[in-house]
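S.K.: using only what follows, build the 3D model:
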Amino acid sequence: MDVYAQHKKYILQPSLSDLEEMFHAVAALYNDGVFVIVDALDECQMSDNVRSKFIEALLRLQSRESNVNLLATSRPVPDIVEAFYGHSCLEIVAQNNDIERYMRNQMSNWRVISKYPDLQDEIISCIVSVADGILICKIRFLLAHLFFKSLKNKVSAKRIRETLNKLRENSQEREPKLALLHQAYNDAMDRINGQPDDHKELANHVLSWIICAKRPLKTMEVQYAWAVRESEDEIDETAIPDAEDMLSLVPMGSTM
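M.R.: All right, here's what the predicted structure looks like:
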């Protein structure tokens, strides 16, 4: 509390070393061990070496205190993999039953196939088979998600079966991974460009900003980027799009 009062009095942010010392003081109070869980470490800010400093601090916490247990989750980003080299690592990849469970859950309110249980099984069998036999593990779930979204855009059972047949054909190509990637992302772009003009414009801007950004963008940053107008000196709050509505317009598995 003394540290809090001191920083509040002078309106200061505690330094990294201050925070480390506070953590050690608190950890020392627990004889049975302290568990530190850091989720999505790859999304930590990279500018000003924030992420590397944070990782170094985490590892120092564990080295100084024998009762500190650390669990961090992250995508396999090179600098993070290197930083944790020598520590226990578990790679988590979407399994077939994970993909099947996801699709069955999404089918519960899908009217087009509600009368065709055989088609439901065919959809699951086809996508799981293609994902299991061909797709790179790290993008297996993403592409299964994209294929499934493209099917949900179809208005009849016949159109769904035609799309499944095309998916099977592409999986037999000489370079199946490339063909399937092209199909998944072409279908996603078709869905974007098939939206009303305002939705299409916003979705394409969001994709452009994500692709060109030097770091992962926060959702609020994209919202405000859309609200900016060259002819206006101030941002009109009413021009800021709803976050969920904005993200729903981009069926690409993009992350911010």
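S.K.: isn't residue 141 right up against residue 98?
M.R.: Yes. Using Cβ atoms under 8 Å, residue 141 makes contact with residue 98 at a distance of 7.0 Å. C-beta here means a position set from N, CA and C on the backbone, and glycine is covered the same way.
S.K.: more neighbours: those two, which one.
M.R.: Using other Cβ atoms under 10 Å, the more surrounded residue of residue 141 and residue 98 is residue 141, with 18 against 15.
S.K.: which element, helix or strand, includes the more buried one?
M.R.: Assigned by DSSP states H and E, residue 141 belongs to helix 140-152.
S.K.: low-confidence stretches in the stretch 51-200 of the chain?
M.R.: 65, 133-138, 173-179 (pLDDT under 70).
S.K.: which helix or strand lies directly C-terminal to the helix holding residue 141?
M.R.: Next along the chain after helix 140-152, taking DSSP H and E as the criterion, comes helix 157-170.
S.K.: list the buried residues for that next one?
M.R.: For helix 157-170, the neighbour count (16 or more other Cβ atoms under 10 Å) marks 160-161, 163-164, 167, 170 as buried.
S.K.: next one: stretch 24-36
M.R.: By neighbour count on 16+ other Cβ under 10 Å, the buried set for stretch 24-36 is 27, 34.
S.K.: just checking, what packs against the helix holding residue 141?
M.R.: Where contact means 3 or more Cβ pairs under 8 Å, 6 or more residues apart in numbering; DSSP states H and E, helix 140-152 is packed against helix 96-107, helix 117-133, helix 157-170, helix 176-193.
S.K.: any idea of the angle that helix forms with helix 176-193?
M.R.: Relative orientation of helix 140-152 versus helix 176-193 (axes from the mean of the first three to the mean of the last three Cα atoms, to 10 degrees): 50 degrees.
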